[in-house]
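1. sequence and computational prediction follow.
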Amino acid sequence: MSFYVTTPIYYVNAAPHLGHAYTTIAADVMARHHRQRGEEVFFLTGTDEHGEPVADAAHALGIAPQELADRNAERFKALAPQLHASNDFFIRTTDPQHEAVVQEVLSRVRENGYVYEGTYEGWYCPRCADFKAENEIDADRRCPIHHIELTREQEQNYFFRLSAFQDRLEALYREREDFVAPRSRYNEALSFIRSGLRDVPLTRHKLTWGVQVPWDPEHVFYVWFDALLNYYSALSYARESDLTATFWPATYHLIGKDILRFHAVYWPALLMAAELALPEHVFVHGFLLMDGEKMSKSLGNVLDPFAVIERYGPDALRFYLLRDVPFGQDGSVSTAAFELRYESELANELGNLASRTIAMAHRYRDGAPPAVALDPELDRDFAGLAQEVAALIDRAELTGALDAIWQRVRRLNRYVEERAPWQLAKDQARAPELDQVLATLLAGLRVLAVLLHAYIPTSSDRLLTALGARERSLSAARWDATAAPGARIGQLDALFPKSA
Ligand code: ME8
């Protein structure tokens with residue numbers, strides 16, 4: 001089994017912000033979870049370095065585009081480890097190997113008859129690097145995303161014959177209802193397709209900052225075609241041996257809703273034109289909003305993920321973003337909401353549960369987990385949990401999976417209150433009962449820690465180490481007293497200190 005997950009490659013026209021961190025974290029949760037299942041995983045992220053947004057930003061700073069790209073690519077590259085994102089490679093579209101693949105694939109698209117020369121005229125947003133359809137433009141001719149004035153562009157270009165894929169794309173959406181999720185995004189993409197596909201420019205004449213068109217060196221490829229091909233090109237040079245046969249087609253492309261059309265319409269058409277296999281799923285998440293507006297570099301209202309991480313650590317940020325904003329929908333983020341989740345859920349519900357349980361195992365049983373059967377009362381909540389979580393993550397329902405886990409965190413907290421082990425400990429005759437409660441709590445914590453690994457890897461690891469559990473694979477989330485035999489309980493400092 002192989003599993004290949006990607007994030008969008010981010011523009012290097014400015015520094016990384018929380019929105020970028022969000023997609024990278026989500027992809028990391030999926031990658032880590034699938035590794036726990038024993039699958040062969042490849043997780044790709046990187047930077048999109050060509051095109052007008054980057055050229056314009058460099059121009060404004062009075063430096064060469066490559067210099068800006070080099071500078072900001074480093075910052076994006078540094079973001080991944082700070083988030084504890086376990087990406088297997090970091091692609092830059094200025095990598096010469098990537099550029100060669102772009103030239104090769106797009107030449108094949110031309111040889112296959114899907115490229116022709118023509119004139120294009122339309123309303124263009126230089127920040128989106130995208131022409132806007134008439135129905136996207138309001139009366140004052142501004143970009144609906146960036147609120148800047150659109151420019152009227154007319155140029156002699158090579159075109160990609162997108163219209164030739166009308167029927168095949170409709171058939172794709174008919175036959176593979178899970179190609180795009182959530183359903184609302186599937187419907188949005190399909191209705192765009194059904195409204196009638198028009199050919200799109202494949203090259204730009206006036207720009208020089210891009211991958212040169214091999215059959216006409218006066219042109220560079222339109223940045224979106226260059227960028228989309230990163231998902232494919234990376235596999236050919238990320239390692240010494242070519243990984244394409246193992247990982248292509250991608251299992252999941254995770255994207256924000258701003259780039260749906262490129263991934264759900266252009267991309268499958270381009271792959272068809274190049275005779276390459278299509279990805280299995282495109283999952284579209286919503287926007288993180290601050291003051292009701294999308295955070296974006298060009299709007300300037302950004303929350304710095306580096307600052308959040310420095311104060312609370314990456315686990316807290318990872319947890320908050322996937323817990324508070326239903327993955328797939330828009331959601332507001334704020335410091336107040338973050339602090340509330342941190343205190344009430346991470347510190348109180350999980351942190352206290354863990355420290356209490358471990359303290360009781362030491363106090364009442366000297367750190368040796370009782371080797372007794374688990375309380376059947378919790379079977380219903382815990383027995384099928386790992387499968388339930390895996391099924392949700394298979395559908396990229398990352399908030400749903402986290403919620404399924406968290407319901408059990410709460411269930412264990414109720415269990416402690418109901419059984420009151422401190423009362424049982426007062427009565428020697430009830431020692432077997434206390435054994436069972438402690439064994440059940442320790443097993444429950446182990447299951448939760450294994451399942452939480454994908455979300456909060458550092459805390460999960462600390463908790464598993466304290467529980468004496470060596471196994472991190474999903475099989476250790478079995479609801480079974482023998483899943484971690486004979487382990488001794490260690491010490492655990494507060495998982496989520498309140499003074500953070
Ligand atoms: O579009 N909320 O790059 P980009 C949630 N280079 N996610 C957000 C976000 C927000 N407020 N802001 C950004 C590009 N994102 C192209 C992609 S792919 C072949 C080329 C995330 O730097 C989200 O994943 O503008 C969004 O799709 C992406 O960053 C856009 O990053």
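-> Sure, I can see it.
2. hmm, R318 is touching R32, no?
-> No - with contact defined as CB atoms under 8 Å, R318 does not reach R32; the gap is 10.3 Å. Any C-beta I mention is one placed from the backbone N, CA and C, and that applies to glycine too.
3. mind checking which of these two has more residues around it?
-> Legend: neighbour count by other CB atoms under 10 Å for R318 and R32, higher for R318 (28 against 21).
4. the nearest residue to the more buried one once chain neighbours are set aside: what secondary structure?
-> Nearest residue to R318, sequence neighbours excluded (CB to CB, 6 or more residues apart in numbering): I25, at 4.9 Å. Put simply, I25 is helix when judged by DSSP: H, G, I helix; E, B strand; the rest coil.
5. how about I25, what does it touch?
-> Residues near I25 by CB atoms under 8 Å, 6 or more residues apart in numbering: 83, 85, 317-318, 321-322.
6. ok, it to the ligand distance?
-> Using CB to the nearest ligand atom, to the nearest Å, we find I25 at a distance of 10 Å from the ligand.
7. pLDDT wise, what is whichever residue of the stretch 251-400 of the chain sits closest to the ligand at?
-> For the stretch 251-400 of the chain, the residue closest to the ligand is G256, as judged by CB to the nearest ligand atom, at 2.7 Å. The per-residue pLDDT reported for G256 equals 98.
8. run a quick neighbour tally on the closest residue to it other than its chain neighbours.
-> Counting by CB to CB, 6+ apart, the nearest residue to G256 once its immediate chain neighbours are dropped is H285, at 5.9 Å. By the criterion of other CB under 10 Å, H285 has 25 neighbours.
9. cool, and L495?
-> Here the number of neighbours of L495 (other CB under 10 Å) works out to 22.
10. surely it touches D461?
-> No - the pair L495 / D461 is not scored as a contact, 10.7 Å apart, by CB under 8 Å.
11. which of the residues in stretch 411-429 are buried?
-> By neighbour count with 16 or more other CB atoms under 10 Å, stretch 411-429 contains the buried residues 411-413, 415-416, 419, 421, 424-425.
12. now do that stretch, average pLDDT.
-> For stretch 411-429, mean pLDDT rounds to 98.
13. can you check stretch 265-284 too?
-> Stretch 265-284 comes out with an average pLDDT of 98.
14. what about that stretch, start to end distance?
-> From the first residue to the last, stretch 265-284 extends over 13 Å; the measure is CA to CA, to the nearest Å.
15. returning to that earlier point: quick check: the residue nearest to R318 vs G19, distance?
-> 11 Å (CB to CB, to the nearest Å).
16. distance of the residue in the chain positioned nearest to the ligand relative to T7?
-> Nearest residue of the chain to the ligand, counting by CB to the nearest ligand atom: G19, 2.2 Å away. Distance, G19 to T7, by CB to CB: 11 Å.
17. next: Y116.
-> From Y116 to T7 the distance is 33 Å (CB to CB).
18. neighbour-wise, which of the two wins?
-> T7 (26 against 13).
19. show me what contacts the more buried one?
-> Under the criterion of CB under 8 Å, 6+ apart, the neighbours of T7 are 23-24, 27, 44-45, 254-255.
20. between those, which is nearest N187?
-> N187 lies nearest to I255 out of the contacts of T7, by CB to CB, at 16.3 Å.
21. which phi and psi does that closest one have?
-> Backbone geometry at I255, expressed as degrees, to the nearest 10, gives phi -140, psi 160.
22. state the distance from the residue nearest to G256 to D493.
-> Look at H285 and D493: by CB to CB, they are 34 Å apart.
23. swap in L18?
-> Distance, L18 to D493, using CB to CB: 28 Å.
24. let me see the mean pLDDT of the helix or strand harbouring E104.
-> Secondary structure from DSSP states H and E places E104 in helix 96-111. Mean per-residue pLDDT for helix 96-111: 98.
25. run the contact check for the following helix or strand past it versus the ligand.
-> Where DSSP H and E defines the elements, the next helix or strand beyond helix 96-111 is strand 115-125. No - figure legend: strand 115-125 not in contact with the ligand (CB under 6 Å from any ligand atom); closest approach 12.1 Å.
26. elements contacting the helix or strand that comes right after strand 115-125?
-> Of the helices and strands lying after strand 115-125 in sequence (DSSP H and E), the nearest is strand 130-132. Counting contacts by 3 or more CB pairs under 8 Å, 6 or more residues apart in numbering; DSSP states H and E, strand 130-132 packs against strand 115-125.
27. mind listing the strands the strand it packs on pairs with, and their directions?
-> Partners of strand 115-125 in the sheet, by DSSP bridges, are strand 130-132 (antiparallel), strand 151-160 (antiparallel).
28. okay, and for the stretch 251-400 of the chain, where does confidence drop off?
-> Along the stretch 251-400 of the chain, the model assigns pLDDT under 70 to residues 291-304.
29. and for the nearest residue to G367 once chain neighbours are set aside, the neighbour number?
-> Leaving out its chain neighbours, the residue that sits closest to G367 by CB to CB, 6+ apart is I489, at 4.3 Å. By other CB under 10 Å, 22 other residues sit near I489.
30. list the contacts of I489.
-> 358, 361-362, 367-369, 442, 466-468.
31. can you rerun that using 6 Å?
-> 358, 361, 367, 468 (CB atoms under 6 Å, 6 or more residues apart in numbering).
32. can you redo those as CSV with distance to A245, neighbour count and secondary structure?
-> Converted to CSV, the contacts of I489 look like this (distance: CB to CB, whole Å; neighbours: other CB atoms under 10 Å; DSSP: H, G, I helix; E, B strand; the rest coil):
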residue, distance to A245, neighbour count, secondary structure
I358, 46, 21, helix
A361, 49, 26, helix
G367, 49, 15, coil
G468, 41, 18, coil
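33. now the helix or strand containing L463: average pLDDT?
-> L463 belongs to helix 457-466 when assigned by DSSP H and E. Helix 457-466 shows a mean pLDDT of 97.
34. can you name every helix or strand that it contacts?
-> helix 431-452 (3 or more CB pairs under 6 Å, 6 or more residues apart in numbering; DSSP states H and E).
35. buried ones in the helix it packs on, by neighbour count?
-> For helix 431-452, the neighbour count (16+ other CB under 10 Å) marks 433-452 as buried.
36. what does stretch 85-101 give?
-> For stretch 85-101, burial by neighbour count (16+ other CB under 10 Å) applies to 85, 87-88, 90-95, 98-99, 101.
37. over to stretch 260-273?
-> Buried residues in stretch 260-273, counted by 16+ other CB under 10 Å: 260-273.
38. can you tell me if it touches the ligand.
-> No - figure legend: stretch 260-273 not in contact with the ligand (CB under 6 Å from any ligand atom); closest approach 6.8 Å.
39. list of residues touching that stretch?
-> With contacts defined as CB under 6 Å, 6+ apart, stretch 260-273 is touched by 109, 112, 114, 162, 165, 168, 180, 185, 189, 224, 228, 253, 255, 278, 282, 284.
40. who touches the fourth one in this structure?
-> By CB under 6 Å, 6+ apart, the contact list for L162 reads 197, 199-200, 269.
41. and those, which two are the farthest apart?
-> Greatest spatial distance in the contacts of L162: D199 and A269, 10.4 Å, computed using CB to CB.
42. residues of the chain that sit close to the ligand?
-> 8-11, 19-20, 22-23, 48, 227-228, 230, 255-256, 258-259, 287-288, 294-296.
43. buried ones only from the residues you listed, please, as a ChimeraX command.
-> The buried residues among those can be selected in ChimeraX (16+ other CB under 10 Å) with this line:
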select :8,9,10,11,19,20,22,23,48,227,228,230,255,256,258,259,287,288,294,295,296
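44. can you flag which of the residues of the chain next to the ligand belong to helices?
-> 19-20, 22-23, 227-228, 230 (DSSP state H).
45. which two of those residues have the greatest separation?
-> The largest separation in these, counting by CB to CB, is between Y22 and L228 at 20.5 Å.
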